[in-house]
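Chemist: Build me a structure from this.
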Amino acid sequence: MFDRIKKAFLRDSRDHPDSVLAQAHGPVSEWAATRGMTFSGAALGSSMTMQGKVGNRPWRMELGRPTRDYISGEELRARAEIAVSDQVGAMVINRPLKEVLERRAYSMITDTLQTTADPRLPEEMRWLAMYDEIGWEGPGDAFWTRYAVLSDTREHALAWVDDHLVKQLMSWPEPSPSAQVPFMIVLLRGKCYLRMQYAPPAMGTLDHATDIFVSACENALRAFRK
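Modeler: This next block holds a predicted model:
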């Protein structure tokens, strides 16, 4: 079931014989410079790395081959060492991906032949088990249809996912990622993470994902600074 659902997530990178990264190397480098970020990329365009600061704390973004099997094509991932309280845990995840991971976890639990945990399981499957889904009035039905917010406490979720972040999550520029595109932002152990499928592979997607990630970091720094 997991494989069938995964194949439904947009087009596989095999449909793109020319690497998206190879074509985008120059534009991404120029884009990073306009945002005051340092850039490095492999000669053949197989990976790109951008580094910057938010709240005077370092953060790093990578665009390259996926490190998760539920992502097809290119993966965009970011991590910030924001050093907020490590007691806070929260995540925003698109519902199709949440359902995929939950079904996969359920299948493992009910498989009588599975006696040990698969070490290849993504950590986000454990996060889904750790945190409760949190809802509140304000974001609107369209937001809750597309995303789920999970957290260790309701107060932490409300403090982190403010109205501005909700608006950003619902206002991707055209051509915009569909609701099926794997996406998550996570606040855990004093760090903030972003992981998503880079689809559509457009500069607008990269730019807006960066804005979302920076906002998530700024919200965490404002609400949970040590």
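Chemist: And the helices in this protein, which stretches?
Modeler: 2-7, 20-34, 95-110, 123-130, 141-146, 154-160, 163-169, 203-224 (DSSP state H).
Chemist: From the contact counts, what lies against the last one?
Modeler: Okay, so that is helix 203-224. helix 20-34, strand 47-54, strand 57-64, strand 75-80, helix 154-160, helix 163-169, strand 183-188, strand 191-197 (3 or more C-beta pairs under 8 Å, 6 or more residues apart in numbering; DSSP states H and E). From N, CA and C alone the C-beta is placed, and that goes for glycine too.
Chemist: If we use 6 Å, what do you get?
Modeler: Judged by 3 or more C-beta pairs under 6 Å, 6 or more residues apart in numbering; DSSP states H and E, helix 203-224 is in contact with strand 75-80, helix 163-169, strand 191-197.
Chemist: now the second one: mean pLDDT?
Modeler: In this model, helix 163-169 has a mean pLDDT of 98.
Chemist: how about the CA coordinates for it, as CSV?
Modeler: Extracted C-alpha coordinates of helix 163-169, given in CSV (Å, rounded to 0.1, in the frame of the first residue of the first chain):
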residue,chain,number,x,y,z
ASP,A,163,-1.4,33.6,11.7
HIS,A,164,1.4,34.8,9.5
LEU,A,165,2.9,31.3,9.2
VAL,A,166,-0.6,29.9,8.4
LYS,A,167,-1.0,32.4,5.6
GLN,A,168,2.4,31.5,4.2
LEU,A,169,1.6,27.8,4.2
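Chemist: Can you mark which positions in it are buried?
Modeler: Neighbour counts over helix 163-169 (16 or more other C-beta atoms under 10 Å) mark 165-166, 168-169 as buried.
Chemist: what's the answer for stretch 196-215, then?
Modeler: Buried residues in stretch 196-215 (16+ other C-beta under 10 Å): 196-202, 205-206, 208-210, 212-215.
Chemist: Could you do stretch 124-141 as well?
Modeler: With burial defined by 16+ other C-beta under 10 Å, the residues of stretch 124-141 counted as buried are 124-125, 127-128, 131, 134, 139.
Chemist: Kindly export that stretch (C-alpha atoms) in PDB.
Modeler: Coordinates of each C-alpha in stretch 124-141 appear next as PDB, following Å, rounded to 0.1, in the frame of the first residue of the first chain:
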ATOM      1  CA  GLU A 124       9.200  11.400  11.600                       C
ATOM      2  CA  MET A 125       7.300   8.200  12.100                       C
ATOM      3  CA  ARG A 126       8.300   8.300  15.700                       C
ATOM      4  CA  TRP A 127       7.300  12.000  15.900                       C
ATOM      5  CA  LEU A 128       3.800  11.100  14.800                       C
ATOM      6  CA  ALA A 129       3.600   8.600  17.600                       C
ATOM      7  CA  MET A 130       5.000  11.100  20.200                       C
ATOM      8  CA  TYR A 131       2.800  14.100  19.500                       C
ATOM      9  CA  ASP A 132      -0.900  14.700  19.500                       C
ATOM     10  CA  GLU A 133      -2.700  16.500  16.700                       C
ATOM     11  CA  ILE A 134      -3.700  20.000  17.800                       C
ATOM     12  CA  GLY A 135      -6.500  22.100  16.300                       C
ATOM     13  CA  TRP A 136      -7.900  25.500  17.000                       C
ATOM     14  CA  GLU A 137     -10.300  28.100  15.500                       C
ATOM     15  CA  GLY A 138      -8.800  30.600  13.100                       C
ATOM     16  CA  PRO A 139      -6.800  28.900  10.300                       C
ATOM     17  CA  GLY A 140     -10.000  27.800   8.500                       C
ATOM     18  CA  ASP A 141     -11.100  24.500   7.000                       C
END
